[in-house]
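Enquirer: sequence plus predicted model, see below.
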Amino acid sequence: MKKHLALLVILLTSCELPPRDGTANVGQKVGVQAAASGTEEEYVMITTAVTMPMYVNHDQATFKRWGKERNVKVSILGPAEWDVPAQINTIEEVIGTRPSGLLINGTDPAIGPVIDKAVAAGIPTVVYDSDIPNSRRDAFLGTDWYEIGRMQGEEMVRLLGGKGKIAYMGILGLTNMETGFRGLLDVLKKYPGIEVVGKFDDKANVEEAARITADLLAAHPDLAGLCGFDSNSGPGIALAVKEARKAGKVKITTVDWEPEHLQLVREGVIQMLAGQKRELFTWYGAQFLYDRVHQTNRLSANDVQVGVTNIPTSVNTGLLRITKKNVDEFINR
Amino acid sequence: MKQLLQERTYSLTLTILLVGIGAAVAFPQTFPTFGNWSQLLLNLSIDTIVAVGMMLLLVSGVFDLSVGSVVAFAGGIAAYAMIQLGWSVGLAVGLALLVSAAIGAVNGYLIAYQGVNPMIQTLAMMGIVRGGALVISGSGIQNLPYWFTAISQSRLLGVQMPVWYMLLTVSVFAFLMHKTVFFRRYYYIGGNEKAADLSGIRVRRMKLYGFVLTSLLAGVAGLLLTSRLGTALPTAGRGLELRVITAVILGGASLSGGHGKIVGALLGAVFMGLVSNIMVLARVSGYWQEIILGLILITAVWTDMALQKRLRQSLHRA
C-alpha cells in the first residue's frame, strides 16, 4: 500500500501542466544561427494535400527552382490528403531534425502552437497562403481571402447587372474559405436584387462540384451565377453548365488559374478567375528564410537579442484578375 | 520460437524492432532520441485509441466507418458547449461522450437488430456526423478553456498525456478481452455467429455494445485531439477510419472476424507511425509517402502470412 502511495506521489509530482498563457511547449526564443550552423543548409516546406496539382505546379515547382538557384537543399513534406492534424504531426517531427528554415502552408489557426514551438527552437519560420495571426511566425506571404470573395462578388454583380439567383461552393469548414465566403456575401448583401440560393461543400472534387451544379440547375432553372472557392470548383461547375447547354448564360467566377481553368475562360464558360500569385508565396517565402538565416540585411548589432526580424512581417501578394481579355497572356506565359 | 513467430503480435514486434534498429543506424542523431520517440507515440495515440474499439468490432466480424467523423463531432460538440453555451469543461466532455455513445447505439441497433449492412450503415452515418461537425464547428472553434486544453497538453514524466491515455486504454481493454467472459464472447461471435447464438450468447446485444464502445472510444479520441490542438476542427479525423482499419488488420485482425488482440492494434499503429516517422526523417517526398506506406503494408502482411504458412507446415510435419 505504501509502495503504491509513493508511486502515486511520484507520478503526481512528475505531472507538468501547460502554461496558462497559451505558449505550451514553447521555451525561450533562441538565436537563428543555431539552426543554420553545423549541418547542411536545408529548407523544408510543409503543407497538407501535398499532391494537389495547384500546390505541385505553383508552390512546389517554384520552391524547388529556388533551391536549385540558391544551391541549397529543399524538401517538401506533408500528408497527401487535407489533414491538418497530420500536418501538425509532420511539423513536430521535422522540428527535431533542426532544418535551417521552415516554410509552412497556413492551413488552419490550429497550427499556431506548433509554429511557436519551431520558432522557440530557433528555426526561422515563414507562413504562406493564409496567415496564422495567433502564432509567432517570422513572416507571412499570401492572399487576403476576404478580398478573393469580395472580388468574385463585385464581378458577379457586374455580370448580372445587380439581379439574379446565385450559389457558391468550396470546402466548408476551412478558415480561409469561410473568410472568402464572408467577403462574397458582404458584397452581395448590398444588392437586394441578388438572391443567394445556397452554400455547398464540393469537397475539392470536380465530380462533386458538377453534381451540385447539375442539381442546382434542375432545381433553379433561372439560376444566373455560380462562384467557386477551391481549385476544383471551377472545372466542376463549368462541366455541368456546359452539359446543360448554358455556357455563357450562367455566369461563373472562381479561383485559381490552372491550364484547365484558363482554357475554360478562353472558351467563354468561365467569366473571371481570381488568381493567387502562388509562385511569389514560396519564392519570396524561401528567400525570406534564407535572408533571416544569413542575416542579409542586419538591422542592429544583434537582431535576435534586440528582438527584431530582418525580413518583412507580412506581405500581401495581391490577386490576378483573369478574364477573356487577358487570358491568352497567361496561357502563353 | 516457431510457435511464438506464428503469433502476429510477436512477428510484428520483431519487425518493429528490426525497422527501429535500421532507422537508428541510418539516423543516429535524430531517430533514437527521447524527443523523437515521445513525438512518434503522441502522433499515433489518437489513432490507437480508436483502433482499440475497431479491433473489438473486427474480432466480432464487423467494422465502423463513422469513427473519423465521430472524432470531429465529439470535439466540436464539447467546444460548442464550452464556448457558445458557456458550459463547464466536465459537462461539455460528458455531453460529447454521451452523443458519441448515442451514435454508436444507432449504428449498433440498425445493424444488429434491423439487419442493415454494416458498411452501408456506418458509411451513411459517416456523412451525417461529418455534416453535423461542419454545422457545429463552422471553420473551427478556438480559444478553448485552459482546463480543457490541459487534458492533452499536460505532461507526465516528460511525455504528453495522450500517450498515457493510449497506454491506459490498451492495457484496460487487453485485460478485459483476455480475462473476462463478457469480452471473450466477441471471439465466439466472430468465429461462428450462429454457433455463438445457439450457445446462448446474446449476439445482437453484444454487437450493439460493441458499436457503442467503439463510438465512445472515438469520442474520447476526438476530445483528446481537440484538447491537444486547442481547436475543434470540423475536418479532423478525415481518413482516420481507413488508417485505423489498416493498423488493426496489420495487428492481426481478420476482416472475417474471430481473430485479433488489443495489443495488436497498438503494434499495428506503432508500425505505421514508425514508417511515417522514418519517411519524414529521410525527407521522402509527400508524393511517395502514400505509395511507400501502401507497399510496406502489403509486404509486411504478405511476409507475415507466408512465414506463418511455412511455420504451420513445418509444425504439421513435426
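Expert: Received it, and whenever you're ready, just let me know what you need.

Enquirer: which residue packs closest to residue 271, ignoring adjacent ones?
Expert: I went with chain A, as the question did not name one. Distances taken as Cβ to Cβ, 6 or more residues apart in numbering or on different chains place residue A:251 nearest to residue A:271, at 5.2 Å, with adjacent residues excluded. Every residue, glycine included, has its C-beta placed from N, CA and C.

Enquirer: try chain B instead
Expert: Of all residues not flanking residue B:271 in the chain, residue B:16 sits nearest, at 5.5 Å (Cβ to Cβ, 6+ apart).

Enquirer: tell me which helix or strand comes right after the strand or helix carrying the one you found.
Expert: Per DSSP states H and E: residue B:16 is located in helix B:8-26. For helix B:8-26, the succeeding helix or strand toward the C-terminus, using DSSP H and E, is helix B:34-59.

Enquirer: ok, and does that following helix reach over to chain A?
Expert: Yes - Helix B:34-59 reaches chain A (Cβ under 8 Å from any Cβ of the partner chain) through B:35-36, B:39-40, B:42-43, B:46.

Enquirer: of these, closest to chain A?
Expert: Taking Cβ to the nearest Cβ as the measure, chain A lies nearest residue B:43 of these, at 4.2 Å.

Enquirer: just give me the neighbour total for that closest one.
Expert: By the criterion of other Cβ atoms under 10 Å in any protein chain shown, residue B:43 has 23 neighbours.

Enquirer: dump the residue contacts of the residue nearest to it when sequence neighbours are not counted.
Expert: Computed as Cβ to Cβ, 6+ apart, the closest residue to residue B:43 that is not its neighbour in sequence is residue A:89, at 4.2 Å. Shown in contact with residue A:89 (Cβ atoms under 8 Å, 6 or more residues apart in numbering or on different chains): B:39, B:43, B:276.

Enquirer: check residue A:89 and give its pLDDT.
Expert: Residue A:89 is assigned 93 on the pLDDT scale.

Enquirer: what helix or strand does it sit in?
Expert: Here residue A:89 is assigned to helix A:84-95, by DSSP H and E.

Enquirer: can you mark which positions in stretch B:130-146 are buried?
Expert: Residues of stretch B:130-146 classed as buried by neighbour count (16 or more other Cβ atoms under 10 Å in any protein chain shown): B:130, B:132-134, B:136-142, B:144.

Enquirer: hang on, the earlier thing: tell me what the residue nearest to residue A:271 is bridged to.
Expert: For residue A:251, the beta-bridge partners under DSSP bridges are residue A:225.

Enquirer: quick one: it and residue A:225 touch, right?
Expert: Yes - here residue A:251 reaches residue A:225: they are 4.2 Å apart, a contact under Cβ atoms under 8 Å.

Enquirer: measure how buried residue 291 is and give me the count.
Expert: Looking at chain A here, since you left the chain open. Neighbours of residue A:291 (other Cβ under 10 Å): 19.

Enquirer: hmm, no, I was thinking of chain B.
Expert: Neighbour count of residue B:291, defined by other Cβ under 10 Å: 11.

Enquirer: for the strand or helix carrying residue B:294, packing partners?
Expert: Using DSSP H and E, residue B:294 falls within helix B:286-317. Counting contacts by 3 or more Cβ pairs under 8 Å, 6 or more residues apart in numbering or on different chains; DSSP states H and E, helix B:286-317 packs against helix B:2-6, helix B:8-26, helix B:240-250, helix B:262-281.

Enquirer: please produce a markdown table containing the ones you listed, extended by mean pLDDT and mean neighbour count.
Expert: Shown next, in a markdown table, are these (pLDDT from 0 to 100; neighbours: other Cβ atoms under 10 Å in any protein chain shown):
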| stretch | mean pLDDT | mean neighbour count |
| --- | --- | --- |
| helix B:2-6 | 59 | 13 |
| helix B:8-26 | 90 | 16 |
| helix B:240-250 | 90 | 24 |
| helix B:262-281 | 93 | 25 |
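
Enquirer: span of stretch A:311-326 from start to end?
Expert: End-to-end span of stretch A:311-326 (Cα to Cα, to the nearest Å): 34 Å.

Enquirer: list of residues touching it?
Expert: Against stretch A:311-326 from outside (Cβ under 8 Å, 6+ apart): A:126, A:131, A:138-144, A:147-148, A:151, A:257, A:262, A:265-266, A:268, A:271-277, A:280-281, A:284, A:288, A:291-292, A:297, A:330.

Enquirer: quick check: residues of the stretch 151-300 of chain B near chain A?
Expert: Where the stretch 151-300 of chain B comes near chain A, counting by Cβ under 8 Å from any Cβ, the residues are B:153-158, B:225, B:229-231, B:233-236, B:238-239, B:276-277, B:280-281, B:283, B:285-287, B:289-290.

Enquirer: any chance you could list what contacts stretch B:209-221?
Expert: The contact list for stretch B:209-221, computed with Cβ under 8 Å, 6+ apart, reads B:46-47, B:49-50, B:52-54, B:56-57, B:60, B:62, B:64, B:66-68, B:70-71, B:74, B:96-97, B:99-101, B:103-105, B:107-108, B:111-112, B:165, B:169, B:186, B:237.

Enquirer: pLDDT weak spots in the chain?
Expert: This is for chain A. A:1, A:21-39 (pLDDT under 70).

Enquirer: that answer is for a different chain, and I need it for chain B
Expert: B:1-6, B:300, B:304, B:307-308, B:311, B:315, B:318.
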